[in-house]
Structure formats: C-alpha cells, structure tokens
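Trainee: Got a predicted structure plus its sequence, pasted below:
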Amino acid sequence: MVHRTRALRQVLLLVVIAAMTVEMAMGFAVATLMHRQAGADMTDMATDLSR
C-alpha cells in the first residue's frame, strides 16, 4: 500500500508540474503578444548603449 501511495504522489506531482509549465508558457505567450502589439522595439536602445 505504501508503494501505491508513493506512486500516486509522484503522478500528482508530475501533473502539477505540467500544469505549471503550461501556465508559464501561456503567460509568456501573452506577454510576447502584448509586447509585439505595442510595437516596442528595443534595438535602438541597445545600439545607443553600446556607444
């Protein structure tokens, strides 16, 4: 019985980690979309910093 409980805990942990990974990827996608729609381009700023 102990081994089954341990296995269920490990499966639950994997499901939680997978859900967190998907949530992080979606958040990054939304942030990237908002950044692109705002037309923010930091290339000029990086060029100015190198001078």
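Mentor: Noted; the coordinates are in hand. Keep in mind that what you see is a predicted model, and the values were worked out from it rather than measured.
Trainee: rest of the way, CA atoms for contacts and neighbours
Mentor: OK.
Trainee: how about the helices in this protein?
Mentor: With DSSP state H, the ranges of helices along the chain come out as 2-37, 43-49.
Trainee: least reliable of those going by mean pLDDT?
Mentor: With a mean of 66, helix 43-49 has the lowest mean pLDDT of the helices of the chain.
Trainee: sorry, back to before: can I get the helices of the chain in TSV including mean neighbour count?
Mentor: As requested, the helices of the chain are exported to TSV (neighbours: other C-alpha atoms under 10 Å):
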stretch	mean neighbour count
helix 2-37	11
helix 43-49	9
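Trainee: if I pick the residue most central in space within the chain, what's in contact with it?
Mentor: Centroid-nearest residue in the chain: M24, 2.8 Å away (criterion: C-alpha atoms, centre = their mean). By C-alpha atoms under 8 Å, 6 or more residues apart in numbering, no residues touch M24.
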